[in-house]
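**Q** I'd like to go over a predicted model; first the sequence, then the structure.
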Amino acid sequence: MLVAAAVCPAPPLLVPSVAAGAAGELADARTACSDALAVLAASRPDRLVVVGPAGPGAGGPYPQGARGGFHAFGVPDDVRLGEAPEGDLPDGARPLPASLSVAAWLLGHTAWSGAPVEGLGVEEPLEAARCLETGRELAARAERVALLVMGDGSACRTLKAPGYLDERAAAFDEAAARALGAADVTALAAIDTGLAAELKAAGRASWQVLAGAAEGAGLEGRLLYEDAPYGVGYFVAAWS
């Protein structure tokens, strides 16, 4: 059963070494992420599952100790998803997608020492019904399950945004922030997948996995952060 969840944005710029001189611009977001992770730790879960968007071929499960990093962004930093298991992983194990690498960095910098950790990459085209079913399956994995859900809102908030300016983006993000802050499972499940794709909202599928996992859990939510500093909607929320 799902006992807690944290929702965090997934831009590699959240990692100070990647952001370099611009690291201060997301300081408030990092602080909010730390606060959300504290809610997860306080829930004393039996298992933590990190869910985040993944590109083609990068979907599916990632074991505890899976490696990732930020070499693609010119930074030689490596991360692991939780502590390395006994015997470590084979050298050929596939690397974490960027969203799960950011999650691994967050966990590593909040000294996560609670439940075993595993990852799940969610490929963007996954339809809503399958996302919801995946969430239900995750919630049934243990008596007390917590989720760290990575993903961004629209990428079309300004002229310089990755997806350019789309007048629908602000309303989309406002609705998403309201649903995440209120732990509104129904609203998250009803997100228009076509519109989310047009607005390049990379978090849509992950949020709908969360919606499936939270069905019947009766969790309450708090929105800890909301902004669009680079024309991309970033939200941090804690459910417990």
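**A** That came through, no problem. Numbering: from 1, shown residues only.
**Q** for this structure, which helix is longest?
**A** Assignment by DSSP state H gives helix 27-42 as the longest helix of the chain.
**Q** Taking helix 27-42 as reference, get the angle to the helix or strand following that helix.
**A** Next along the chain after helix 27-42, taking DSSP states H and E as the criterion, comes strand 47-54. In terms of direction (axes from the mean of the first three to the mean of the last three C-alpha atoms, to 10 degrees), strand 47-54 departs from helix 27-42 by 140 degrees.
**Q** Neighbouring strands - and their directions - for strand 47-54?
**A** Strand 47-54 sits in its sheet next to strand 117-123 (parallel), strand 145-150 (parallel), going by DSSP bridges.
**Q** and the next helix or strand after it, what does it pack onto?
**A** Downstream of strand 47-54, the next assigned helix or strand under DSSP H and E is strand 60-62. For strand 60-62, the packing partners by 3 or more C-beta pairs under 8 Å, 6 or more residues apart in numbering; DSSP states H and E come out as strand 117-123. From N, CA and C alone the C-beta is placed, and that goes for glycine too.
**Q** how far does the strand it packs on sit from the chain's center?
**A** With C-alpha atoms, centre = their mean, to the nearest Å as the basis, strand 117-123 stands 10 Å off its chain's centre.
**Q** thinking again about what came up before, which strands and helices lie in contact with the longest helix of the chain?
**A** Looks like helix 27-42 contacts strand 2-8, helix 98-108, strand 145-150, strand 221-227, strand 234-239 (3+ C-beta pairs under 8 Å, 6+ apart).
**Q** how far does the last one sit from the chain's center?
**A** Looking back up the chat, that one is strand 234-239. Chain-centre distance of strand 234-239: 9 Å, with C-alpha atoms, centre = their mean.
**Q** now swap in the second one and tell me
**A** If you compare the mean C-alpha spot of helix 98-108 with that of the full chain, they lie 9 Å apart, counting by C-alpha atoms, centre = their mean.
**Q** and E215, how far is that from P125?
**A** Shown here: E215 relative to P125, a distance of 23 Å by C-beta to C-beta, to the nearest Å.
**Q** just to revisit the earlier point, how about the helices and strands packed on helix 27-42 in TSV, adding distance to G135 and mean pLDDT?
**A** Putting the helices and strands packed on helix 27-42 into TSV (distance: least, C-beta to C-beta, whole Å; pLDDT from 0 to 100) gives the following:
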stretch	distance to G135	mean pLDDT
strand 2-8	8	98
helix 98-108	16	96
strand 145-150	8	98
strand 221-227	15	98
strand 234-239	13	98
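**Q** out of these, nearest to P53?
**A** With C-beta to C-beta, the closest approach to P53 among those belongs to helix 98-108: 5.1 Å.
**Q** list the helices and strands the lowest-mean-pLDDT helix or strand in the chain packs on?
**A** When the helices and strands of the chain are compared on mean pLDDT, DSSP states H and E, helix 16-19 comes out lowest with a mean of 90. Helices and strands in packing contact with helix 16-19 are not found; criterion 3+ C-beta pairs under 8 Å, 6+ apart.
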